[in-house]
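> Output the structure for:
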Amino acid sequence: MSTPTALKIKQPHPTTDWETLIHEQLGPRFAQRARAVDEADRFVAENYADLKAAGLIAAGVPLELGGAGASFAEMSAVVRALARYCGSTALAFAMHTHQVMMSEWRWRIQKAPLEGLLKRVAAERIVLLSSGGSDWLHSSGTAKRVDGGYRINARKVFSSGSPAGDLLLTSAVYEDPEAGPTVLHFGVPMNAPGVRIDPLWRALGMRGTASNDIVLDDVFVADTAIGGKRAQGRWHMLFHIVTLIAIPLIYSTYVGIAEAARELALGQARKRRIDSYQRARVGALDTELAAARLALADMVAAGSSSAPGPETTNRIFIGRSLVARAALGCVEQAMEVCGGAAFYRDLGMERLFRDVQGARYHPLTESVQRDYAGCIALGLDPDTIG
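Predicted coordinates for the structure are as follows:
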């Protein structure tokens with residue numbers, strides 16, 4: 001494989017119009033690569049090189065720590081814009097970005113000691129990985145107590161962007177003899193002994209995310225590297241913060257895909273006779289897209305200004321289900337507008353249809369989300385749903 005050639009961009013000013021940068025420079029390049037990446041199950045490495053050159057990897061890092069100081073809403077718009085050209089790039093980037101923005105939030109609001117990590121993202125352009133929603137409240141893997149720290153054994157699935165990752169932010173379960181099952185949170189350098197990528201990512205959609213398994217084989221994590229501890233399977237404030245920041249950014253991807261589907265469908269519709277049936281299909285498409293946009297706007301508003309907690313988590317996850325439903329519906333309507341042409345891979349609608357299916361699988365999946373919403377409405381403890 002040839003070495004990716006990064007787009008040559010002058011280092012952006014902190015007031016960079018990121019969306020214009022994407023639509024005028026990055027996006028067209030990403031769109032040209034999207035089909036080949038998808039068909040080859042290949043990671044979007046060239047796009048990541050361009051994101052680094054453009055300064056987007058560190059865009060959300062505060063100005064005083066060396067970043068561009070982009071706001072939460074701006075980063076949501078960046079993810080959404082990227083998704084109009086390449087869903088895989090947008091989703092993988094969202095997984096890095098939510099770790100950056102969550103660290104920024106905790107540093108700014110909680111005064112958490114995350115200055116060093118944020119400075120590294122800004123100065124070194126390191127890429128952060130997460131172990132995905134598969135861990136969620138229960139986590140996975142084991143932590144065994146040893147002198148000075150823990151030995152970790154785990155398989156972390158759905159680690160989007162794995163080939164480009166520098167630091168995995170993850171967790172494992174320690175059987176504490178006094179407190180019981182305890183989830184430990186920590187970071188592991190991807191070049192640490194015992195860390196390897198198992199390239200199993202052959203999926204229906206989002207094929208360019210390289211959301212491979214990361215295997216931790218007897219990896220040593222020092223006591224000083226443990227960033228937090230919590231009871232297994234219970235809602236901890238950390239997860240209310242994760243919900244507040246991560247879910248709106250991730251679902252910005254799916255609104256961007258829906259917008260791409262609309263643009264493609266309208267282009268096809270204008271080439272054909274437009275009768276009342278076709279007008280109704282286009283109207284249904286725009287109705288679904290409007291619903292997705294409204295739900296995402298509320299999620300982003302919550303992430304920008306609301307305090308984390310059960311009520312805000314409920315608001316975010318209701319929005320997550322509404323965005324997923326509407327984005328899926330929008331792309332389905334776009335296929336109807338295109339007619340049989342949508343069935344041909346060359347058009348590109350087929351890839352959008354496959355990529356948007358990912359909206360079904362991030363936590364909380366809709367059935368669990370409804371249970372959570374029911375708990376909140378009835379004044380019950382959300383921990384009862386696990």
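> drop to CA atoms for contacts and neighbour counts, all remaining ones
Fine.
> Surely Gln99 touches Leu128?
Yes: counting by Cα atoms under 8 Å, Gln99 does reach Leu128; the two are 6.7 Å apart.
> So those two - more neighbours on which side?
Leu128 (27 against 21; other Cα atoms under 10 Å).
> So what's the residue count around His224?
One thing to correct before we go on: residue 224 is Thr, not His. Neighbour number of Thr224 under other Cα under 10 Å is 9.
> do you know how far it is from Gly348?
Look at Thr224 and Gly348: by Cα to Cα, to the nearest Å, they are 48 Å apart.
> again with Gly227
From Gly227 to Gly348 the distance is 43 Å (Cα to Cα).
> which SS class is Ile214?
Three-state assignment for Ile214 (DSSP: H, G, I helix; E, B strand; the rest coil): strand.
> Spit out the contact partners of it.
Residues near Ile214 by Cα atoms under 8 Å, 6 or more residues apart in numbering: Arg155, Lys156, Val157, Ser159, Ser162, Val195, Arg196, Ile197, Asp198.
> which other helices and strands contact the longest helix that the chain contains?
Using DSSP state H, we find that the single longest helix of the chain is helix 237-269. Packed against helix 237-269 by the contact rule (3 or more Cα pairs under 8 Å, 6 or more residues apart in numbering; DSSP states H and E) you find helix 72-83, helix 87-109, helix 276-305, helix 310-338, helix 349-356.
> Show residues contacting the first one.
The set of residues external to helix 72-83 that reach it, using Cα under 8 Å, 6+ apart, is 18-19, 22-23, 27, 59-60, 89-91, 93-94, 97, 101, 248-250, 252-257, 260, 300-301, 303-304.
> tilt between it and helix 237-269?
Angle between the axes of helix 72-83 and helix 237-269 is 40 degrees (criterion: axes from the mean of the first three to the mean of the last three Cα atoms, to 10 degrees).
> so what's Leu65 scoring on pLDDT?
At Leu65, the predicted lDDT confidence score is 98.
> Same check on Ala143?
98.
> Please determine how far Ala265 is located from Glu332.
To Glu332, Ala265 is 11 Å away according to Cα to Cα.
> no no, Ala269
Ala269 is 15 Å from Glu332, by Cα to Cα.
> for Arg293, same thing?
Distance from Arg293 to Glu332, by Cα to Cα: 16 Å.
> related to what we said a few turns ago, please dump the helices and strands packed on helix 237-269 into a markdown table; it should also carry distance to Arg120 and mean pLDDT for every row.
Formatted as a markdown table, these follow (distance: least, Cα to Cα, whole Å; pLDDT from 0 to 100):
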| stretch | distance to Arg120 | mean pLDDT |
| --- | --- | --- |
| helix 72-83 | 19 | 98 |
| helix 87-109 | 11 | 98 |
| helix 276-305 | 24 | 98 |
| helix 310-338 | 30 | 98 |
| helix 349-356 | 32 | 98 |
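> Many thanks, I have nothing further to ask.
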